[in-house]
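*Asks:* Predicted model, plus sequence, below.
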Amino acid sequence: MKKGLLLIALLLFATVFFGNITIGNPVFENQHIKVTFNIKTIDFVIKTIGIKIENKTDKPVKILWDEVLFTDNKGEASGVIHSGVKYINMDRPQVPSVIPPNGSIDDVIIPKSHIYYYNGWKKISINKTPSERYFFITYEFDNEKYNLDGTLLLKEQKSNINWGLILGVLGVMWLIGTLASPQ
């Protein structure tokens, strides 16, 4: 019972003191592709970058993942892996994604510098700093290489906090925990 109450209190604390990260300018496009970024949560707590790439043409577009870059939490350019790539294989060549004419893909990218092995594979969440995150996407269209690049603006979205409600819930939890404990 006490562990459950402690978990609820920790979740309330995390919700109150850690706002959500959002992207201020999520859409970038050129004559071939339109890219929309968002923040995705994986493994329940790890925040990373969701990416939707739309092919605006009547021919296939091939995303060359090995040439995609994204700024990591240290402000340094990092290669990325996308969903479906095993962490143990992150240094191996990635198979390009082919987007059919007028089609799209939804994916998740993680900077390679945010993945490490220590008693199992670990990932580091995207932080709100640095707030400006440069990206560089290389793709192939009609047997020629093209790039789309830009700067995402990350910002923290503050939630409206009802301190009275939070303190009331915490007080009730403390009272229940006190009454439920054996004397």
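*Replies:* Perfect, thanks for sending it. Numbering: from 1, shown residues only.
*Asks:* Please count neighbours and contacts with C-alpha atoms only from this point.
*Replies:* Noted.
*Asks:* Helices of this protein, residue ranges please.
*Replies:* With helices called from DSSP state H, the chain shows them at 2-17, 163-180.
*Asks:* what does the model give the most centrally placed residue in the chain for pLDDT?
*Replies:* Geometric centre of the chain, nearest residue: Thr48, 1.5 Å, by C-alpha atoms, centre = their mean. At Thr48, the predicted lDDT confidence score is 94.
*Asks:* residues in contact with it?
*Replies:* With contact set as C-alpha atoms under 8 Å, 6 or more residues apart in numbering, Thr48 has these partners: 39-42, 108-110, 125-126.
*Asks:* Least reliable of the helices of the chain by average pLDDT, please.
*Replies:* Among those, helix 2-17 scores lowest, at a mean of 54.
*Asks:* Report the buried residues of stretch 123-143.
*Replies:* Neighbour counts over stretch 123-143 (16 or more other C-alpha atoms under 10 Å) mark 123-128, 130-141 as buried.
*Asks:* no wait, stretch 60-74
*Replies:* So, applying 16+ other C-alpha under 10 Å, buried residues of stretch 60-74: 60-66, 68-73.
*Asks:* With stretch 35-49 instead?
*Replies:* Here stretch 35-49 shows 35-40, 47-49 as buried, counting by 16+ other C-alpha under 10 Å.
*Asks:* Adding distance to Leu153 as columns, could you present these in CSV?
*Replies:* As requested, these are exported to CSV (distance: C-alpha to C-alpha, whole Å):
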residue, distance to Leu153
Val35, 15
Thr36, 13
Phe37, 11
Asn38, 11
Ile39, 12
Lys40, 15
Lys47, 15
Thr48, 14
Ile49, 12
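*Asks:* Which segments of this protein make up each domain?
*Replies:* 1-19+161-183, 21-157 (automatic domain parsing).
*Asks:* returning to what we had before: separation between the residue nearest to the centre of the chain and Ile99?
*Replies:* From Thr48 across to Ile99, the span is 22 Å (C-alpha to C-alpha, to the nearest Å).
*Asks:* quick one: contacts for the residue nearest to His114 when sequence neighbours are not counted?
*Replies:* Spatial nearest neighbour of His114, excluding adjacent residues (C-alpha to C-alpha, 6 or more residues apart in numbering): Ile124 at 4.9 Å. By C-alpha under 8 Å, 6+ apart, Ile124 lies in contact with 46, 114-115.
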